[in-house]
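[1] predicted model follows, preceded by the sequence.
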Amino acid sequence: MRQGAQIVVAPHMDPKAVHALFSVPEAFVSMCKIVREDESTGYLNPTKAQVRTIRAIESNRWTFVTKYRQAKITTITLMHLLLRDCMYLQGIAGMLIADTNATAEMAFRRLRFAYENLPEPVKMPLATGSKGSKRELEFVHGGNIVIKSLEGRAPAVGHSIDRLHITELGEALHQQKAIINLFPGINKRPNAKLVVESTPGRAGSYHERMWHEALRREGQFFPLFLEWWKDETCRLPVPSKGFVPTEEELEYMGKRPGMDFENLYFMRTRLRSEFVGDTRLFSAKYPSDPYDGWIGSQRPMMPEEVLRTLLDTALEDPTEGSFGCGEFEAPVEGREYEVYADPTGFGNVGDPAALTVFDKNDLREVAVWSGRESPDRFAVRIQLVCQRYNNARAVVESNHAGCITALRELSVKLTYSKRQPGWYATHQRIAQAEFALVRLLREDDLVIRSRAGLQQLLRYDGDFSRREKGDDDAGHHFDRARTYIMAADMLVKVKRYNDRRAARAHREEDDLMQEVQPGQIPFGLLDRKRDSMRRSRQESPFSVPKMR
């Protein structure tokens, strides 16, 4: 027994044939005719990725698909979700929403072509007097399909939707306003279905945040990631001569089960043509994993290869506990911790507040939290976290005096800059701290465990000029990244780190001395000692006074 709307047929139609189109998820789309890439016409033969998508749509109310370029997911969703359901289920209203009018109309032409070429025994007539248009089909039983775009601030819906298909959300500018307008209407209908499908878009966008929430299964969406290397169109015959995979290519292939040399050659060919060697641009259209492909800046500052390696073993942020943070590790008696916090202002603009706790003994991230919270309430949270982690000292950015003032009243130990409480974010200090973070990451000294934090660092470009408002009237969210920058500035000075660097330097000196023959002058060693003397004469303007 079907839930919701029942299957209906017109007098001239074959009821058994129509019911058979609901017997398996792929049945109806296999009867739809399309214009293929070689300009021939034929029945749609679903690919593995399309079959996975159809079955996900069939099994879930809300489906979120992150795909690769030319996966043909828009076509299969149009046929299955909109044409099949709106044509055969009485009174079902369907809507296609695309990033632009041109995209919506092009997709709708494919849907109309499939409808017009259906066999008559399974073809539902249009409403009396309706011939259809380039933007709408209305069927005799009251069901209909319309198209809209996200080129404006938000589409005007005007009526409830039973089937909603949003394509290329990542390319739309005003994502948040559109989603807020559209979702409440479909959410209150218990049998309504929604599909969002897109390649990855802008890092920090509403689209990306929705996708990560879906991956954490924190909302109603079922997340479906489609691997590009499993598509037969994403491979090229390997030349008999001249193709030798690089170490980087072999490592990339080794981490992705099912990938082979033909996929590697496809990737190399694409990189050398339309992506002009930019691996970030390739990943944006052919993501390698569910967290890949989100581009924030054309000039990311952090070492991508190091962050990608850390992401392989990164963890989702732990659930917030009774001490005001999510803990990767509980505190250990006798160990020294430090809390790095970036407050936000009052209201709903700017980045959220964030805090990160590091173990100063081995420079490991042990706890995290981020969210929108007023400075006074955030101060209470910092106090709880500091107490939890062995009465840790707090390093708090001094961008909002209210939080610093509240922390002093709560008797929280604070770091000082030039005898003033808080971490002062001058241009010089930020540049020095960013350099320190890059160095700590490259030398594998700083252990960042939060997947969300690493994702922020991947797109971090140091530009806070658009902090309060981005393309979608939302902040770009570098809150966690700022705590890592603060941590690097402070942790790079701790004795344990400097001891490791000194030990490394001694090993390098020993290696140089072993290479020197009797009577030779080790010029490399002289150069290093000269550089060390220069560094020792440079005093940091950011030294932290001792607590009184």
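    Looks like it arrived, so ask away.

[2] which residues touch the nearest residue to Leu89 once chain neighbours are set aside?
    Spatial nearest neighbour of Leu89, chain neighbours left out: Ala5 (3.9 Å); criterion: CB to CB, 6 or more residues apart in numbering. Heads up, the C-betas are built off the backbone N, CA and C, glycines and all. If you count contacts by CB atoms under 8 Å, 6 or more residues apart in numbering, Ala5 has them with 89-92, 162, 191.

[3] could you rerun that using 7 Å?
    Counting by CB atoms under 7 Å, 6 or more residues apart in numbering, Ala5 touches 89-92.

[4] now the helices for the stretch 101-250 of the chain?
    With helices called from DSSP state H, counting those that start in this stretch, the stretch 101-250 of the chain shows them at 101-116, 175-187, 206-215, 247-254.

[5] what packs against the next helix or strand after the shortest one?
    Scanning forward in sequence from helix 247-254, with DSSP states H and E defining helices and strands, the next element found is helix 261-271. For helix 261-271, the contact count by 3 or more CB pairs under 7 Å, 6 or more residues apart in numbering; DSSP states H and E identifies helix 279-285 as packing neighbours.

[6] against Pro245, how distant is the residue nearest to Leu89?
    53 Å (CB to CB, to the nearest Å).

[7] and for Leu454?
    27 Å.

[8] and the two? which has more neighbours close in?
    Counted by other CB atoms under 10 Å, Leu454 and Pro245 do not tie: Leu454 has more neighbours, with 23 against 15.

[9] name the member of the contacts of Ala5 with the most neighbours.
    Ile92 leads the contacts of Ala5 on contacts (other CB under 10 Å) with 26 neighbours.

[10] check contacts around that one.
    5, 85-86, 143, 162-163.

[11] can you redo the contacts of Ala5 as CSV with pLDDT, secondary structure and distance to Arg442?
    As requested, those are exported to CSV (pLDDT from 0 to 100; DSSP: H, G, I helix; E, B strand; the rest coil; distance: CB to CB, whole Å):
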residue, pLDDT, secondary structure, distance to Arg442
Leu89, 94, strand, 57
Gln90, 91, coil, 63
Gly91, 89, coil, 61
Ile92, 93, coil, 56
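
[12] now Val51, what's its secondary structure?
    helix (DSSP: H, G, I helix; E, B strand; the rest coil).

[13] quick one: contacts of stretch 207-223?
    56, 60-64, 66, 169-170, 175, 198, 201, 290, 294, 316.

[14] also stretch 487-496?
    In contact with stretch 487-496 (CB under 7 Å, 6+ apart) are residues 338, 340, 356, 358, 360-361, 363, 395, 429, 432-433, 436-437, 440, 446, 497.

[15] can you give me the end-to-end span of stretch 80-100?
    Length of stretch 80-100, first residue to last, CA to CA, to the nearest Å: 22 Å.

[16] go through that stretch and flag the buried ones.
    Buried residues in stretch 80-100, counted by 16 or more other CB atoms under 10 Å: 80-89, 92-99.

[17] ok, now stretch 198-214?
    198-208, 210-212, 214.

[18] any chance of the helices of the stretch 101-250 of the chain in a markdown table, with mean pLDDT and distance to Ser133 too?
    Output for the helices of the stretch 101-250 of the chain, formatted as a markdown table (pLDDT from 0 to 100; distance: least, CB to CB, whole Å):
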| stretch | mean pLDDT | distance to Ser133 |
| --- | --- | --- |
| helix 101-116 | 91 | 9 |
| helix 175-187 | 81 | 22 |
| helix 206-215 | 88 | 30 |
| helix 247-254 | 91 | 47 |
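
[19] stretch 360-374: end-to-end distance?
    28 Å.

[20] quick one: average pLDDT of it?
    Throughout stretch 360-374, pLDDT has a mean value of 93.

[21] can you lay out the helices of the stretch 101-250 of the chain as TSV showing distance to Phe22?
    Compiled in TSV, the helices of the stretch 101-250 of the chain are given as follows (distance: least, CB to CB, whole Å):
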stretch	distance to Phe22
helix 101-116	17
helix 175-187	21
helix 206-215	27
helix 247-254	40
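
[22] next up, the contacts around Gly453.
    Contacts of Gly453 by CB under 7 Å, 6+ apart are 368, 480, 484.

[23] cool, Thr100 as well?
    149, 151 are the contacts of Thr100 under CB under 7 Å, 6+ apart.

[24] same question, Tyr88
    7-8, 18, 124.

[25] which ones among those are found in helices?
    Val18 (DSSP state H).

[26] need the contacts of Tyr88 in a markdown table with distance to Lys48 and neighbour count, can you?
    Shown next, in a markdown table, are the contacts of Tyr88 (distance: CB to CB, whole Å; neighbours: other CB atoms under 10 Å):
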| residue | distance to Lys48 | neighbour count |
| --- | --- | --- |
| Ile7 | 28 | 14 |
| Val8 | 32 | 20 |
| Val18 | 27 | 21 |
| Met124 | 30 | 20 |
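
[27] tabulate the contacts of Tyr88 in CSV, adding columns for distance to Arg135 and pLDDT.
    Shown next, in CSV, are these (distance: CB to CB, whole Å; pLDDT from 0 to 100):
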residue, distance to Arg135, pLDDT
Ile7, 26, 92
Val8, 24, 91
Val18, 26, 94
Met124, 19, 94
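
[28] pick the one among the contacts of Tyr88 closest to Lys413.
    Nearest to Lys413 among those, counting by CB to CB, is Ile7 at 68.8 Å.

[29] my read: that closest one touches Ala20, true?
    No. Using CB atoms under 7 Å, Ile7 makes no contact with Ala20, being 10.8 Å away.

[30] now Phe266: how far from Ala5?
    With CB to CB as the criterion, Phe266 and Ala5 are 43 Å apart.

[31] where does the chain dip in pLDDT?
    Along the chain, segments meeting pLDDT under 70 span 1-4, 132, 152-159, 296-300, 345-351, 463-477, 495-548.

[32] center of it, which residue is that?
    With distances taken as CA atoms, centre = their mean, Glu208 lies nearest the centre of the chain, 4.6 Å away.

[33] neighbours around Gly219, how many?
    Every residue meeting other CB under 10 Å relative to Gly219 is counted, giving 12.

[34] quick one, phi/psi of the spatially closest residue to Glu197 that is not a sequence neighbour?
    Once flanking residues are discounted, Glu197 sits nearest to Val65: 3.9 Å by CB to CB, 6+ apart. Note on Val65: its backbone torsions stand at phi -110, psi 120 [degrees, to the nearest 10].

[35] what distance do you get for the closest residue to Asn263 other than its chain neighbours to Ala71?
    Of all residues not flanking Asn263 in the chain, Trp229 sits nearest, at 4.3 Å (CB to CB, 6+ apart). Per CB to CB, Trp229 is found 12 Å from Ala71.

[36] give me the common contacts of these two.
    By CB under 7 Å, 6+ apart, no residue touches both Trp229 and Ala71.

[37] any idea where the strands of the stretch 401-548 of the chain begin and end?
    Along the stretch 401-548 of the chain, counting by DSSP state E, counting those that start in this stretch, strands occupy 416-417, 420-421.

[38] what's the most buried one of these?
    strand 416-417 (a mean of 18; mean count of other CB atoms under 10 Å).

[39] so what are the sheet partners of it and their directions?
    strand 420-421 (antiparallel) (DSSP bridges).

[40] coming back round to it: tell me the contacts of the residue nearest to Glu197?
    Contacts of Val65 (CB under 7 Å, 6+ apart): 53, 73, 195-197, 224, 226.

[41] change it to 10 Å
    Taking CB atoms under 10 Å, 6 or more residues apart in numbering, we find Val65 in contact with 49, 52-53, 56-57, 71, 73-74, 77, 167, 195-199, 211, 214, 221-226.

[42] which of those fall in strands?
    Those of the contacts of Val65 mapping onto strands are 167, 195-198, 221-225, per DSSP state E.

[43] which one of those residues is nearest Ser133?
    For these, the nearest to Ser133 is Thr167 (19.5 Å; CB to CB).

[44] name whatever forms a beta bridge with that closest one.
    Glu197.
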